[in-house]
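Undergrad: Predicted structure and sequence below. I'll ask about it afterward.
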Amino acid sequence: MDKENFFEKVYEVVRLIPRGRVTSYGAIAEYLGTKGSSRMVGYAMNGCGTAYPPVPAHRVVNRQGLLTGKRSFATPHLMQQLLESEGVEVENDKVKNFKKLFWQPGAEL
DNA sequence: GCAATGACTGGAG
DNA sequence: CCTCCAGCCATTG
């Protein structure tokens, strides 16, 4: 699949997310140059399970820090569990201190 | 090639 | 504060 260029870019950025940090779909989309295509980021993540190496999609949340994509995980609580396992506090399906844990692609490269 | 869908976003009601 | 709507772009049927 040569069309995975977009997906590949998304995976690449997501893999660069440091442990214990999170980012938003819009931030990734903007970094890819396709600002506004936040849906594509989430859509791309749809294949994160088939992508290799595996993509830490649990570190990718919506702009509110809400775990919107947890429903697409193997188990809905897996995402929160992984985040908590990395030191990210999650409450009510949303990341606490999201603004503080927010990681922007390229910002710390 | 058109229509529908989606792990989003921001604004309006 | 909560809900609904329209715009956004790439993938799929």
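TA: Great, that's in hand. Residues are numbered from 1 along each chain as shown, chains lettered A, B, ... in the order given.
Undergrad: Identify the residues contacting A:S72.
TA: By C-beta atoms under 8 Å, 6 or more residues apart in numbering, A:S72 lies in contact with A:M45, A:N46. To be clear about C-beta, it is placed using only N, CA and C from the backbone, and glycine gets the same treatment.
Undergrad: can you map out the strands along chain A?
TA: Secondary structure of chain A (DSSP state E): strands at A:23-24, A:60-61, A:90-91, A:94-95.
Undergrad: could you give me the average pLDDT of the last one?
TA: Meaning strand A:94-95. Mean per-residue pLDDT for strand A:94-95: 92.
Undergrad: Could you do the third one as well?
TA: The average pLDDT within strand A:90-91 is 90.
Undergrad: Quick check, pLDDT for the residue nearest to the spatial centre of chain A.
TA: Closest to where the C-alpha atoms of chain A average out (C-alpha atoms, centre = their mean) is A:V60, at 1.8 Å. You'll see A:V60 listed with a pLDDT of 95.
Undergrad: and the closest residue to A:Q104 other than its chain neighbours, how many neighbours?
TA: In space, not counting the residues next to it along the chain, A:Q104 is nearest to A:A27; the distance is 5.3 Å by C-beta to C-beta, 6 or more residues apart in numbering. Other residues lying near A:A27 total 22 when counted by other C-beta atoms under 10 Å.
Undergrad: what's near enough to touch A:A27?
TA: Neighbour list for A:A27: A:F102, A:Q104, A:P105 [criterion: C-beta under 8 Å, 6+ apart].
Undergrad: tell me which of those residues is nearest to A:S38?
TA: Proximity of those to A:S38 (C-beta to C-beta) peaks at A:P105, which lies at 13.3 Å.
Undergrad: thought that closest one was touching A:Y31?
TA: Yes. Taking contacts as C-beta atoms under 8 Å, A:P105 lies within contact range of A:Y31: 3.8 Å.
Undergrad: show me the contacts for A:V10.
TA: Counting by C-beta under 8 Å, 6+ apart, A:V10 touches A:I28, A:L32, A:M40, A:V41, A:A44, A:M45, A:V55.
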